[in-house]
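>>> Predicted model and sequence below, questions to follow.
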Amino acid sequence: MEISEHFHSTFGYSPTLISGAPGRVNLIGEHIDYNGGDVLPFAISELARAAFGARTDSKIRLASSQFPGEIIEADTHILTPLYGQMWSRYILGVFWAVGSARLAHGFDIYIDSSVPIGAGLSSSAAVEASVAYGLNEYFHWNMSMPDLARICQKAENDFVGMPCGIMDQSIALMATEGHALLLDTRTLASQQIPFDLAHHGLELLVIDTRVHHELVDGGYAERRDSCEKAAEILGVATLREISREEFESRKSELDATTYLRAHHAVTEIERVHRAVDALAAGEFEELGELLNQSHHSLRDEFTVSCPELDCAVETANAHGALGARMIGGGYGGSAIALIKSVDAENIKLKIEGAFAKSGFIEPHFFTALPSAGAQIIQQG
Ligand code: ADP
Ligand code: MG
């Protein structure tokens, strides 16, 4: 069913505006967006859509195809962090971050998304960006995409309570088709980097392991704290501000775990720039090698991989991939493999076989093509 029909059957009238924003794959630069480095994500073709109906009062009513049977009610004037069901906070948080002074009235909103949830493809930012972009269009705020990204990040950090960086929201809002986005996570300055794999007979295979392992040590926050601690000890605002040479020369100032976490960040920041150079030169073997180095660093130094992700990466590489790595926060979610298009079917079969042999659940596959960012799908 189309989102406008969902909206109609839920709220009893037709929406006035439908916006959309995509999920993303980060080609390289993992766990870097909170370390001040550049990252290199691109948008995928899977989208979150938000259908808006204007109300005359200040109420908000929310429904989502992915969380059927619930309608969440709120009021733009009395939103406080953590209000509502978990899923609704990503949307209410955007209203809260925008501020009630900017909202002349409330809305009925229906969300329908094809971005798989929790697969490391950023379904959360896709939802936030679709709502923020739609509101910006509806009210003619003319806010810049970096400003909208910061609103979405504030929603997720402070209303949902997830201390995420700024990458996912930025790419969802700023992507252009056929390009990856070189994004400076400190300033949100960005540059579109041509990324046309098909032209070279290549593609990027996404392997969704469909697992998510909960870690006892609160994994993401611990990694982030380690990086911030290293920056503080080394006297820099972020790990972006220290050269690899200086970092190595001051190794003795850090305890072993902090050194390893920070070493991942410092080397990964460097790898992003080498990947941009490799893309400019059309050196895809080099790009593949950088993906492998990134995976090893995430697995051995940041220790955020898991057996399923390692299996996907190793099997892809054993059967002709140019390189592969886990993406996203870790402990599950997805891996990417840079492969020759002709090898795609065989690599999928081999990964399926390896997963079955290890007793893992069946992975899902799809091909990621650099796609457009947030957009208005229907108006009026
Ligand atoms: P991801 O890597 O997919 O972004 P997160 O844990 O950051 O994983 O975000 C997933 C959460 O975002 C979901 O559990 C849900 O709360 C919210 N979310 C994602 N997609 C939707 C949707 N279509 N409708 C409502 N909430 C959604
Ligand atoms: Mg997310």
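Thanks, I have the structure now. Ligands and ions are numbered 1, 2, ... in the order given.

>>> what about the helices in the stretch 101-250 of the chain?
Taking DSSP state H, counting those that start in this stretch, the helices of the stretch 101-250 of the chain run over residues 123-138, 145-154, 167-174, 219-234, 244-249.

>>> tell me what the first one is packed against?
Helix 123-138 sits against strand 17-26, strand 41-54, helix 86-98, strand 107-113, helix 145-154, helix 167-174, strand 375-379, with contacts defined as 3 or more CB pairs under 8 Å, 6 or more residues apart in numbering; DSSP states H and E. C-beta: built from backbone N, CA, C; applies to glycine.

>>> ok now it, how far from the chain's centre?
Offset of helix 123-138 from its chain centre (CA atoms, centre = their mean, to the nearest Å): 14 Å.

>>> Flag every residue of the stretch 201-350 of the chain that's near ligand 1.
residue 328 (CB under 6 Å from any ligand atom).

>>> Can you name the residue of the stretch 101-250 of the chain nearest ligand 2?
Going by CB to the ion, ligand 2 is nearest to residue 124 of the stretch 101-250 of the chain, at 3.3 Å.

>>> what's the spacing between the nearest residue to that residue once chain neighbours are set aside and residue 126?
Using CB to CB, 6 or more residues apart in numbering and skipping the chain neighbours, the partner closest in space to residue 124 is residue 90 (5.4 Å). Note on residue 90: its distance to residue 126, by CB to CB, to the nearest Å, is 9 Å.

>>> More neighbours: which of those two?
residue 126 (34 against 26; other CB atoms under 10 Å).

>>> Now for the residue of the stretch 101-250 of the chain closest to ligand 2, how many residues are close by?
Number of residues near residue 124 (other CB under 10 Å) recorded here: 27.

>>> quick one: it and residue 156 touch, right?
Yes - assessed by CB atoms under 8 Å, residue 124 is found in contact with residue 156 at 6.4 Å.

>>> residues contacting residue 64?
If a contact means CB atoms under 8 Å, 6 or more residues apart in numbering, then residue 64 has 70, 87-88, 110-113 as its contacts.

>>> Residue 333 now?
Here residue 333 is in contact with 118-121, 208-209, 212, 309, 326-327 (CB under 8 Å, 6+ apart).

>>> how would you label it: helix, strand or coil?
When classified by DSSP: H, G, I helix; E, B strand; the rest coil, residue 333 comes out as strand.

>>> Just the pLDDT at it, thanks.
Looking at residue 333, its pLDDT reads 91.

>>> One more: residue 219?
83.

>>> Can you report how many residues neighbour it?
Residue 219: 17 neighbours (other CB under 10 Å).

>>> if I look at residue 50, how far off is ligand 1?
Residue 50 sits 9 Å away from ligand 1, taking CB to the nearest ligand atom, to the nearest Å as the criterion.

>>> That residue contacts residue 113, doesn't it?
No - between residue 50 and residue 113 there is no contact under CB under 8 Å: 9.0 Å.

>>> list residues touching both of these two?
Joint contacts of residue 50 and residue 113 (CB under 8 Å, 6+ apart) are residue 127.

>>> higher neighbour count, those two?
Ranked by neighbour count (other CB under 10 Å), residue 50 and residue 113 place residue 50 first, with 34 against 24.

>>> Tell me who's in contact with the more buried one.
Here residue 50 is in contact with 18-20, 91, 109-111, 127, 130-131, 134 (criterion: CB under 8 Å, 6+ apart).

>>> Weed out the non-buried ones from those residues.
Applying 16 or more other CB atoms under 10 Å to the contacts of residue 50, the neighbour count classes 18-20, 91, 109-111, 127, 130-131, 134 as buried.

>>> The residues you listed into CSV, with extra columns for pLDDT and distance to residue 340?
What follows is those, written out as CSV (pLDDT from 0 to 100; distance: CB to CB, whole Å):
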residue, pLDDT, distance to residue 340
18, 98, 38
19, 98, 36
20, 98, 31
91, 98, 41
109, 98, 43
110, 98, 41
111, 98, 37
127, 98, 34
130, 98, 34
131, 98, 39
134, 98, 39
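
>>> could I get these as CSV with distance to ligand 1?
Output for the buried ones among the contacts of residue 50, formatted as CSV (distance: CB to the nearest ligand atom, whole Å):
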residue, distance to ligand 1
18, 14
19, 13
20, 12
91, 7
109, 10
110, 10
111, 4
127, 5
130, 9
131, 10
134, 14
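
>>> Give me the common contacts of residue 124 and residue 156.
Common contacts of residue 124 and residue 156, defined by CB under 8 Å, 6+ apart, comprise 90, 162, 164.

>>> just checking: which of the residues you listed also lie near ligand 1?
Filtering the shared contacts of residue 124 and residue 156 for proximity to ligand 1 by CB under 6 Å from any ligand atom leaves residue 90.

>>> Which SSE is immediately downstream of the host helix or strand of residue 61?
Secondary structure assignment for residue 61, by DSSP states H and E: strand 59-64. Next along the chain after strand 59-64, taking DSSP H and E as the criterion, comes strand 72-75.

>>> could I get that next one in PDB with only the CA atoms?
Extracted C-alpha coordinates of strand 72-75, given in PDB (Å, rounded to 0.1, in the frame of the first residue of the first chain):
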ATOM      1  CA  ILE A  72       1.400   8.100  19.500                       C
ATOM      2  CA  GLU A  73      -0.200  11.400  20.600                       C
ATOM      3  CA  ALA A  74       1.800  14.400  21.700                       C
ATOM      4  CA  ASP A  75       1.700  18.200  21.800                       C
END
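
>>> list the contacts for residue 241?
So, once contact is read as CB under 8 Å, 6+ apart, residue 241 ends up touching 36, 231.
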